[in-house]
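Undergrad: Here is a sequence together with a model predicted from it:
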Amino acid sequence: MRLFGRNKETDAATSEALARTRRSWFGRLGEVFRGSDVTEELWESLEEVLIGADTGVQTTIDILEQVRARHPSTSEEVRTLLREALVVVLEAPAATPRGQLWGRPDDEAWPAAPALALIVGVNGTGKTTAIGRLAHLHQQQGLKVLAAAGDTYRAAAIEQLQAWGKQIGIEVIAHQQGADAAAVAFDAIEAARARGADLVLVDTAGRLHNKQNLMDELSKVRRVIERGLGRPPDEVLLVLDATTGQNGLSQARAFTESVEVTGVMLTKLDGTARGGIVFAIARDLGLPVRFIGTGQGPGDIAPFEPRAFVESLLGEPATAEA
Ligand code: GDP
């Protein structure tokens, strides 16, 4: 069962979310690729654009070296090779299968219901909004979704998730502020079994008095989920704010060390000109991007499709344009 695939709508949403990145950075390449010669200026421009869009210096150097090593003789060939090299970077994390929901091959069945995704990330990255949108997206696919208000550190987080629940019509399992987050997750699993829910999305705290406390709590939530479910969470999705760029990456490392993150939802891609961060996530963290946040509305989420993403930045292959 594959719930999401590339289609016209996801392509359009991806392209819209990348409008700023294209305007500020990749759009410049149109001019550079106009001439057919492969000049030093071409390579310099490519480097400038990739680094400028937050692709990361080493990632940029590696990608351009790969392209150069193929000795392209026209700028169009450079563009084709670059397109392929970028897709390879984005698809590479999928070679190490992680996660049972969004990362599995098309014909593989979902895990036994309820499937569970633990959603982690720093406050302000758009975690609650992401859960609301993910719930909505899966609901549209015919799944019965339930959310767990596991950020018990902030009353506002519980209320915000409950408000989302009302808006999109899903049940939210919540305890009082200050309650044990792991107990909320455990109750949500029981409730999901009782109600025949297909998918449980568990919110978590994004800030405690210190980082160690937060990581200890997340590890505990994870352990308790494993006990309740009889297996580890099917996915651990890290919500990252694209506008925080390279800083976001160091945040991400802290999470990947404590809870085994299986994928990333990159929010606010529409709010940045530096969408190249996606390549750095794939290469430096080795994590697949699963979803992107494409705007402010409840439906502003798109499954991440590496090829659609790269084509939106560099233009489609010539054959597709013909
Ligand atoms: P949390 O503290 O991590 O739970 O963050 P919230 O879910 O409350 O989101 C923080 C802010 O980011 C809100 O104003 C959201 O509307 C905004 N936001 C979240 N995702 C996106 C996105 O993909 N695009 C844009 N433009 N804004 C977003």
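TA: Perfect, I can see it now.

Undergrad: Phi, psi for the closest residue to the ligand within the chain please.
TA: Closest contact between the chain and the ligand, by Cβ to the nearest ligand atom, is at Gly293 (2.2 Å). C-beta: built from backbone N, CA, C; applies to glycine. When quoted as degrees, to the nearest 10, the phi and psi of Gly293 stand at phi -90, psi 130.

Undergrad: show me the contacts for the closest residue to it other than its chain neighbours.
TA: Excluding its sequence neighbours, the residue lying closest to Gly293 (Cβ to Cβ, 6 or more residues apart in numbering) is Thr267, at 3.5 Å. Going by Cβ atoms under 8 Å, 6 or more residues apart in numbering, Thr267 touches Thr125, Gly126, Thr129, Ala130, Val239, Leu240, Asp241, Ala242, Ile292, Gly293.

Undergrad: what do you get if the cut-off is 10 Å, keeping everything else the same?
TA: 121, 124-127, 129-130, 133, 239-244, 248, 291-294, 300-301 (Cβ atoms under 10 Å, 6 or more residues apart in numbering).

Undergrad: Who does the most centrally placed residue in the chain form a beta bridge with?
TA: Of all residues in the chain, the one closest to the mean position by Cα atoms, centre = their mean is Met265, 2.2 Å from it. Here Met265 sits in beta bridges with Val239, Phe291, going by DSSP bridges.

Undergrad: one step back: just the buried ones from the contacts of Thr267, in ChimeraX syntax?
TA: In ChimeraX syntax, the buried subset of the contacts of Thr267 is picked out as below (16 or more other Cβ atoms under 10 Å):
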select :121,125,126,127,129,130,133,239,240,241,242,243,244,248,291,292,293,294,300,301
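
Undergrad: what about the helix or strand harbouring Thr129, distance to the chain center?
TA: Element membership for Thr129, per DSSP states H and E: helix 127-140. Mean-position distance between helix 127-140 and its chain equals 13 Å (Cα atoms, centre = their mean, to the nearest Å).

Undergrad: Return the list of helices and strands in contact with the following helix or strand past it.
TA: The helix or strand immediately downstream of helix 127-140 is strand 145-148, counting by DSSP H and E. With contacts taken as 3 or more Cβ pairs under 10 Å, 6 or more residues apart in numbering; DSSP states H and E, strand 145-148 sits against strand 115-120, helix 127-140, helix 155-168, strand 171-173, helix 181-195, strand 199-202.

Undergrad: switch to 6 Å and redo it
TA: helix 127-140, strand 171-173, helix 181-195, strand 199-202 (3 or more Cβ pairs under 6 Å, 6 or more residues apart in numbering; DSSP states H and E).

Undergrad: Serialize those to JSON lines and add fields for distance to the ligand.
TA: Output for the helices and strands packed on strand 145-148, formatted as JSON lines (distance: least, Cβ to the nearest ligand atom, whole Å):
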{"stretch": "helix 127-140", "distance to the ligand": "3"}
{"stretch": "strand 171-173", "distance to the ligand": "14"}
{"stretch": "helix 181-195", "distance to the ligand": "14"}
{"stretch": "strand 199-202", "distance to the ligand": "13"}
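
Undergrad: Most tightly packed of these?
TA: Using mean count of other Cβ atoms under 10 Å, the stretch among the helices and strands packed on strand 145-148 with the largest mean neighbour count is strand 199-202, at a mean of 27.

Undergrad: mean confidence score for it?
TA: Summarised as a single mean, pLDDT over strand 199-202 is 98.

Undergrad: Double-check that Gly178 belongs to a strand.
TA: No: counting by DSSP: H, G, I helix; E, B strand; the rest coil, one finds Gly178 to be coil, located in no strand.

Undergrad: Helix or strand: which one has the nearest residue in space to it that is not next to it in sequence?
TA: Spatial nearest neighbour of Gly178, excluding adjacent residues (Cβ to Cβ, 6+ apart): Thr152 at 6.1 Å. Using DSSP H and E, Thr152 sits in no helix or strand.

Undergrad: Count the neighbours of Thr152 for me.
TA: For Thr152, the count of nearby residues is 23 (other Cβ atoms under 10 Å).

Undergrad: My guess is it contacts Asp180. True?
TA: No: between Thr152 and Asp180 there is no contact under Cβ atoms under 6 Å: 7.2 Å.
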